[in-house]
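Student: one predicted model, sequence on top.
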Amino acid sequence: MNESSSIKIARLLTVEKKLRDAESQVELEFIFVNELRSIVDYTFAFFLKPSQFRQLKVQSISDLSVIDRTAPTVKFIEDLFKLKGLVDQNETKEIDLNDQEILSNNLNRPENFPNHALIVPIHSRLAGFQGYLLLVNAEKLNDSDKEIISHISSSFGHALNIFMPRGTFGSFIRNILSGWLKWLVIGIVVACMFIPIQMSALAPVEVIAKDAFIVTSPIQGVVEKVLVQTNDKVSKGDNIIKLDDIDHKNRYEIALQELEVAEAELLRNKQSSFSNQADKAKLIELATQVKLKKKELDYAKDVLDYVLIQAEMSGIAIVEDNLDWQGRPVSLGEKIMTIAEPNNIEFLINLQTKDSIVIKKDAPVKIFLDYDPLNSISAKVNRISYKPELTVENILAYKVFASIDENLNEIPRIGLRGSAKIYGEEVSIFYYIFRVPLNITRQFIGF
């Protein structure tokens with residue numbers, strides 16, 4: 001064995017040791033494309049590895065730590081490996097490319113690109129095909145250099161197998177999407193796309209009172225006190241709200257005094273009308289004034305009676321906050337509270353406009369309330385709002401009202417919230433999955 005061969009073998013052992021000592025895949029690939037130059041002379045070395053979609057991508061380049069995917073050389077190398085018939089992943093022999101073969105493929109070859117290239121497939125006994133090593137040089141490599149490259153490539157493939165992920169979702173997908181099993185999976189997925197499924201949509205839901213009585217202010221005034229709490233039972237005729245009565249009492253007292261003054265004036269004119277024709281002429285006018293003051297007094301009395309608001313039906317009181325209402329001015333007809341029958345409820349569903357395709361009268365609904373998410377309540381759609389409105393979350397949605405479609409032992413309490421699933425007509429799984437993207441695409445392209 002001559003001295004030159006001994007040096008190459010020593011360097012070969014050194015490179016193999018560095019490959020074994022590599023602590024990461026990046027370090028391993030860097031050593032492979034750079035340290036090989038100490039044994040074999042070449043201009044550039046490229047390591048290409050198949051991606052998840054089986055496309056060969058440049059992973060490492062000699063003398064470079066970061067790869068620019070937009071570089072002309074990187075694009076040229078990747079396009080070169082896409083050529084049909086150039087490489088075969090089952091091939092284990094090296095492939096020599098000369099200048100004529102590289103130029104004859106109408107690729108955008110970078111300037112000063114070397115004339116000769118050697119493609120070395122990298123295989124592992126455990127992992128199989130793992131990529132390619134591409135060496136480019138101005139001169140063609142001899143057979144002894146090719147043997148050394150083949151040997152070190154085999155060692156690199158064995159070392160690379162250590163860093164390959166095992167048992168991950170990505171490796172599972174790669175195993176599935178390979179060979180005849182890939183076409184079987186594709187066929188099953190395509191067949192499943194035609195399976196009919198019932199269209200459905202999820203939306204937030206709230207339990208509300210059905211046919212509730214809205215308590216409004218009968219007069220303009222200030223709330224002195226709300227006499228009931230939320231969920232308190234009230235009977236018809238119970239006092240529920242008291243308005244401040246100071247101003248209305250004063251108006252009543254003033255109206256009463258004005259009536260007494262008008263009656264006294266009328267009486268005085270009646271007594272003096274026998275001797276004074278002018279007072280006699282005023283009798284009709286003063287009698288009319290007395291009637292007007294009586295009307296004003298009756299109105300003031302009615303307003304004073306409205307200061308104490310009474311319940312007009314039996315049920316439970318629903319009020320936001322008693323303390324917030326105290327001292328608050330209210331106008332005529334302003335809502336203060338609601339009286340509802342606890343067993344007479346319905347569901348208010350805020351369905352977004354993008355899911356409005358499933359809205360139909362008498363459509364089945366499943367209600368899942370937050371306090372009992374494992375059990376559902378069957379309901380059906382009763383009515384739908386004519387146009388969408390903005391919700392508290394600033395989302396444009398239709399108001400859908402649904403009623404209970406079954407006999408329940410326990411009626412849900414008014415105010416409970418949860419999620420509702422509204423069912424529509426049957427469609428294919430493909431349409432169910434891609435309905436929203438198809439709708440967006442249709443709006444984008446204009447038909």
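Tutor: The structure has been received and is ready for your questions. Numbering: from 1, shown residues only.

Student: can you give me the helices in this protein?
Tutor: 3-21, 25-35, 72-81, 99-103, 143-160, 169-176, 179-192, 246-272, 277-281, 283-305, 322-325, 429-445 (DSSP state H).

Student: what sits up against the second one?
Tutor: By CB atoms under 8 Å, 6 or more residues apart in numbering, the residues outside helix 25-35 that reach it are 14-15, 18-19, 22, 45-47, 59-63, 65, 133, 152, 156, 159-160, 163. C-beta: built from backbone N, CA, C; applies to glycine.

Student: just the buried subset of those residues, please.
Tutor: Buried subset of these (neighbour count, 16 or more other CB atoms under 10 Å): 15, 18-19, 22, 45-47, 59-62, 133, 152, 156, 159-160.

Student: nearest to Ile241 among those residues?
Tutor: When the buried ones among the contacts of helix 25-35 are ranked by distance to Ile241 (CB to CB), Gln59 comes first, at 77.2 Å.

Student: the closest one: what's its closest spatial neighbour, skipping adjacent residues?
Tutor: In this structure, Gln59 finds its nearest non-sequential neighbour in Lys49, 4.6 Å apart by CB to CB, 6 or more residues apart in numbering.

Student: read off the pLDDT value for the one you found.
Tutor: With respect to pLDDT, Lys49 scores 84.

Student: so it is in contact with Glu78, correct?
Tutor: No: counting by CB atoms under 8 Å, Lys49 does not reach Glu78; the two are 11.3 Å apart.

Student: give me the common contacts of those two.
Tutor: Common neighbours of Lys49 and Glu78 (CB under 8 Å, 6+ apart) are Leu56, Lys57.

Student: tell me the domain ranges of the chain?
Tutor: 3-174, 213-338, 341-445 (automatic domain parsing).

Student: hmm, Glu341 is touching Asp211, no?
Tutor: Yes: using CB under 8 Å, Glu341 is in contact with Asp211, at 7.4 Å.

Student: who has more neighbours out of those two?
Tutor: Each of Glu341 and Asp211 has its neighbours counted (other CB atoms under 10 Å); Glu341 has more, 16 against 10.

Student: what bridges to the residue lying closest to that one once chain neighbours are set aside?
Tutor: Of all residues not flanking Glu341 in the chain, Gly315 sits nearest, at 4.8 Å (CB to CB, 6+ apart). Going by DSSP bridges, Gly315 is paired in beta bridges with Val234.

Student: give me the number of residues near Gly315?
Tutor: Burial of Gly315 is recorded as 21 neighbouring residues (other CB under 10 Å).

Student: give me the angle between the longest strand along the chain and helix 429-445.
Tutor: Counting by DSSP state E, the longest strand found in the chain is strand 196-209. Inter-element angle recorded for strand 196-209 and helix 429-445: 80 degrees (by axes from the mean of the first three to the mean of the last three CA atoms, to 10 degrees).

Student: for strand 196-209, packing partners?
Tutor: Contact partners of strand 196-209 among helices and strands, from 3 or more CB pairs under 8 Å, 6 or more residues apart in numbering; DSSP states H and E: strand 345-352, strand 364-369, strand 417-428, helix 429-445.

Student: redo those as a markdown table? Include mean neighbour count and mean pLDDT.
Tutor: As requested, the helices and strands packed on strand 196-209 are arranged in a markdown table below (neighbours: other CB atoms under 10 Å; pLDDT from 0 to 100):
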| stretch | mean neighbour count | mean pLDDT |
| --- | --- | --- |
| strand 345-352 | 21 | 90 |
| strand 364-369 | 19 | 90 |
| strand 417-428 | 17 | 87 |
| helix 429-445 | 12 | 78 |
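
Student: Throw the ones you listed into JSON lines and include distance to Leu83, thanks.
Tutor: Formatted as JSON lines, the helices and strands packed on strand 196-209 follow (distance: least, CB to CB, whole Å):
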{"stretch": "strand 345-352", "distance to Leu83": "50"}
{"stretch": "strand 364-369", "distance to Leu83": "57"}
{"stretch": "strand 417-428", "distance to Leu83": "40"}
{"stretch": "helix 429-445", "distance to Leu83": "35"}
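
Student: those: which one's closest to Arg251?
Tutor: Nearest of the helices and strands packed on strand 196-209 to Arg251, taken as CB to CB: strand 345-352 at 41.7 Å.

Student: give me the sheet partners of that closest one and which way each runs.
Tutor: Take DSSP bridges as the rule and strand 345-352 pairs in its sheet with strand 196-209 (antiparallel), strand 396-404 (antiparallel).

Student: how about Ala159, what does it touch?
Tutor: By CB under 8 Å, 6+ apart, the neighbours of Ala159 are Leu19, Arg20, Ala22, Leu28.
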